[in-house]
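Q: Generate coordinates for the sequence data below:
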Amino acid sequence: MARRDDDVAAQRRRSEDVSKGAKDVREWAREHKRDEERKRDDERRQRLQERDRAMELESIKLQYMGKKKEKKKIAKPSDKFKFKFDWEAKA
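A: Numbering: from 1, shown residues only. Below you'll find the model as predicted:
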């Protein structure tokens, strides 16, 4: 009987150790996930700041130098009259 009680107690201690280890692993995983989220948030915040800074510089540049005017695309005369259809050619 005493031997059986010792075996049961030993088994109980092992199961407590395993569950304690599982809790430690879960806690470590939770902390690791939080750290990864913090890193991701910090990187995102930094990228947003860089983009805001670039947009700010671009707006200052536009303010002082003015906006570049886009040139109109002009079709060349050779391209204007390039297509001749059969019914137009016979007439």
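Q: ok, which stretches of the chain are helices?
A: Per DSSP state H, the chain carries helices over the ranges 2-65, 77-80, 86-90.
Q: Can you lay out the ones you listed as a markdown table showing distance to Lys71 and mean neighbour count?
A: Placement of C-beta: from N, CA and C, glycine included. Below are these laid out as a markdown table (distance: least, C-beta to C-beta, whole Å; neighbours: other C-beta atoms under 10 Å):
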| stretch | distance to Lys71 | mean neighbour count |
| --- | --- | --- |
| helix 2-65 | 17 | 10 |
| helix 77-80 | 17 | 8 |
| helix 86-90 | 32 | 7 |
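Q: tell me, what residue is most central in this structure?
A: Using C-alpha atoms, centre = their mean, the residue of the chain that lies closest to the mean C-alpha position is Arg44, 7.9 Å off.
Q: which residues touch that one?
A: Taking C-beta atoms under 8 Å, 6 or more residues apart in numbering as the criterion, Arg44 is in contact with no other residue.
Q: if I look at Ala2, how far off is Arg12?
A: Computed as C-beta to C-beta, to the nearest Å, the Ala2 to Arg12 distance reads 15 Å.
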